[in-house]
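Peer 1: Show me how the following folds:
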Amino acid sequence: MKKIAVSLGEAELIRIKRILADEDREEALAFIRDVLEKKVKEADLPHCVPVFEESYHPNQGETVTGKKGTGEPGSGG
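Peer 2: Sure, this is the predicted structure:
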């Protein structure tokens, strides 16, 4: 399995500190499900589609990322 990095905002860091201070197992599980699960899934998605694949199948970027693009190089999809 590959390594990933997850970025947390100020509110998320405060939430983690509160969980640790309170030793709140239920809130820890809720944090994993609410925050970390989404971030891990996003980090696990492919971020780049090679130009030759994009030009071969213009909607491939949209299929992989779920984001709409024009199919043009540099358009994000």
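
Peer 1: where in this protein is pLDDT low?
Peer 2: Where the chain drops to pLDDT under 70, the residues are 47-61, 63-65, 69-77.

Peer 1: switch the cut-off to 90
Peer 2: Scanning the chain for pLDDT under 90 picks out the ranges 1-6, 41-77.

Peer 1: Moving C-terminal from the lengthiest helix in it, which element do we reach first?
Peer 2: As assigned by DSSP state H, the longest helix anywhere in the chain is helix 10-22. Next along the chain after helix 10-22, taking DSSP states H and E as the criterion, comes helix 25-31.

Peer 1: Show residues contacting that following helix.
Peer 2: Among residues not part of helix 25-31, those counted as contacts by Cβ atoms under 8 Å, 6 or more residues apart in numbering are E12, R15, I16, R18, I19. Where you see a C-beta, it was placed from the backbone N, CA and C, and this is true even at glycine.

Peer 1: now those residues in JSON lines, with neighbour count?
Peer 2: Formatted as JSON lines, the contacts of helix 25-31 follow (neighbours: other Cβ atoms under 10 Å):
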{"residue": "E12", "neighbour count": "16"}
{"residue": "R15", "neighbour count": "18"}
{"residue": "I16", "neighbour count": "15"}
{"residue": "R18", "neighbour count": "12"}
{"residue": "I19", "neighbour count": "17"}
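
Peer 1: May I see those arranged in CSV, with distance to V40 as well?
Peer 2: Formatted as CSV, the contacts of helix 25-31 follow (distance: Cβ to Cβ, whole Å):
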residue, distance to V40
E12, 14
R15, 17
I16, 15
R18, 21
I19, 18
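
Peer 1: of all these, which comes closest to V35?
Peer 2: The shortest gap between V35 and any of the contacts of helix 25-31 belongs to E12, at 5.7 Å (Cβ to Cβ).
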